[in-house]
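**Q** Sequence first, predicted model second:
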Amino acid sequence: MVAVVERIAGLLSLLTLGLIAYLIVALLRRQVPAIVRQDLALPLATLIAFGATAGSLFFSEVAGYTPCVLCWYQRIAMYPLVIVCGVAVLRRNANVLTTVLPITAIGASISIWHIMVEQRPALGGMCDSQAPCALKWINEFGFLTLPTMALIAFVAISLLVIAARQPNTVSTNSL
């Protein structure tokens with residue numbers, strides 16, 4: 001069962017990478033479709049934050065993967081995003097940019113550092129022997145580790161919140 005969840009998490013991460021590529025192009029062209037801005041961006045951000053939170057809890061509580069110090073810091077950044085983005089969806093309020101972006105920036109920075117520690121364990125510093133930061137519990141498709149998947153989630157949430165705030169430049173007919 002754990003291997004199946006790892007594969008699903010990997011596939012969802014690849015799908016999210018595709019979403020990131022789409023959002024980058026749309027934002028650079030200033031052509032984010034209205035349906036994305038108004039109806040999809042914040043719910044997707046909430047769904048990604050929820051999926052990352054649920055995944056981290058599954059891997060620690062069900063699969064028994066012991067979170068390292070850097071994993072805990074990434075969790076501290078991810079978990080509140082479920083509530084912040086979820087409340088924004090319920091209130092239909094896209095003005096969460098100033099709340100979400102600092103959190104995702106901190107989480108993404110920790111994820112990047114964690115990826116570096118995985119690649120170069122000597123950078124570890126904070127790691128302890130019970131939960132080493134360099135241990136790759138997951139390595140889907142040869143490159144998707146837990147901090148890589150967290151980074152993808154932080155970047156996607158950031159871009160979706162930015163997309164939700166874009167001015168009306170494209171109609172829903174342009175999809």
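**A** Received the coordinates, thanks.

**Q** secondary structure element for P147?
**A** P147 is part of helix 146-164, with elements assigned from DSSP states H and E.

**Q** I'd like to know how many residues surround the residue nearest to A63 when sequence neighbours are not counted.
**A** Closest residue in space to A63, ignoring its immediate chain neighbours: V2 at 4.5 Å, by CB to CB, 6 or more residues apart in numbering. Backbone N, C-alpha and C define where each C-beta goes, glycine included. Close neighbours of V2, defined as other CB atoms under 10 Å, add up to 14.

**Q** now R7
**A** Using other CB under 10 Å, R7 has 13 other residues around it.

**Q** next one: phi and psi at the residue nearest to A63?
**A** Main-chain torsions, V2, degrees, to the nearest 10: phi -60, psi -40.

**Q** just checking, what packs against the helix holding P147?
**A** In terms of contacts (3 or more CB pairs under 8 Å, 6 or more residues apart in numbering; DSSP states H and E), helix 146-164 is packed against helix 2-29, helix 41-57, helix 69-91, helix 97-119.

**Q** Of these, flag the one that's most buried.
**A** Comparing the helices and strands packed on helix 146-164 by mean neighbour count (mean count of other CB atoms under 10 Å), helix 41-57 ranks first with a mean of 22.

**Q** coming back round to it: need the helices and strands packed on helix 146-164 in TSV (columns: distance to L151 and mean pLDDT).
**A** Below are the helices and strands packed on helix 146-164 laid out as TSV (distance: least, CB to CB, whole Å; pLDDT from 0 to 100):
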stretch	distance to L151	mean pLDDT
helix 2-29	10	95
helix 41-57	10	97
helix 69-91	9	96
helix 97-119	4	95
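
**Q** Figure out which of these is closest to F154.
**A** F154 lies closest, by CB to CB, to one member of the helices and strands packed on helix 146-164: helix 97-119, at 4.0 Å.

**Q** Next, A131: secondary structure please.
**A** Per DSSP: H, G, I helix; E, B strand; the rest coil, the secondary structure class of A131 is coil.

**Q** was I right about it contacting G64?
**A** No. Counting by CB atoms under 8 Å, A131 sits too far from G64 to count as a contact (11.7 Å).

**Q** Between those two, tell me which one has more neighbours.
**A** It is A131, of A131 and G64, that has more neighbours when counted by other CB under 10 Å, with 15 against 9.

**Q** what's the pLDDT at that one?
**A** pLDDT for A131: 78.
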